[in-house]
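1. Just need the structure, nothing else, for what follows:
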Amino acid sequence: MSSQDIQPEGGPKAALLLDRVLIFVATAVILISLSGLFLSLVAEVIVRYATNAGLGWPNEMPALLFPWLTMAGAVLAAQYGRHIAVQLGAEMLPLNAARWLMVAGSVLAAVTFAFLTWHGFAVMKIAGGEVYPVTGMTANFAYAALISGFVGLSLTALTSIPVILKSDRPVSAREVPEEHP
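-> The predicted structure follows:
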């Protein structure tokens, strides 16, 4: 499935371009995070098997990479319309009421994730000074994943608005049909 296949119809070209960029970046972050976790585990197993001693740094990789994997997955899920949502009430409303309820929900999500982004920087100042002993990296690296994910989710909520406004099914405007073999 290409990124063009998963683009909802409607919306300004800038919003569609932003969606494509978010999908590309989230996918790249997922692949890099998974590869990093896998390769660090393989390296630790090989070294431990060969020398009976560990490398040390692979033990820190989950704390550094898993937040990136999780937040990129959340952004990608939102882009595909596969995030957790309560739709039952909106589906029972008339089309225009459902459309404006979904727009209001997107605005609320965008504002909430923008708020979390802003406060994420304050949390980084407080808790980000923790240093991982082997790699020497600070916890700011992991906290940056949360902030990046919140930015991606806020932008996804904003780019959903034109899609919702043009959709015949505003409650599921971002949903991408599953492919079946």
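
2. which residues touch the most centrally placed residue in the chain?
-> Closest to where the C-alpha atoms of the chain average out (CA atoms, centre = their mean) is Val75, at 2.4 Å. If you count contacts by CB atoms under 8 Å, 6 or more residues apart in numbering, Val75 has them with 22, 26, 149, 152-153, 156. From N, CA and C alone the C-beta is placed, and that goes for glycine too.

3. any chance you could map the helices in the protein?
-> Counting by DSSP state H, residue ranges of the helices within the chain are 13-51, 61-80, 88-91, 95-127, 140-166.

4. nearest residue to the residue nearest to the centre of the chain other than its sequence neighbours?
-> Gly152 (3.7 Å; CB to CB, 6 or more residues apart in numbering).

5. re earlier: quick one: which of the contacts of Val75 is the most crowded by neighbours?
-> Taking other CB atoms under 10 Å to define a neighbour, the member of those with the most is Thr156, carrying 27 neighbours.

6. And the pLDDT at Ile6?
-> Ile6 is assigned 46 on the pLDDT scale.

7. Let me fix that, I meant to ask about Gly10.
-> Note on Gly10: pLDDT of 54.

8. Just the CA atoms of the lowest-mean-pLDDT helix or strand in the chain, as PDB, please.
-> Within the chain, no helix or strand scores below helix 88-91, which has a mean of 75 by mean pLDDT, DSSP states H and E. Written as PDB, here are the backbone C-alpha positions of helix 88-91 (Å, rounded to 0.1, in the frame of the first residue of the first chain):
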ATOM      1  CA  LEU A  88     -21.300   5.500  18.400                       C
ATOM      2  CA  GLY A  89     -22.900   8.700  19.500                       C
ATOM      3  CA  ALA A  90     -21.700  10.600  16.400                       C
ATOM      4  CA  GLU A  91     -23.000   7.900  14.100                       C
END
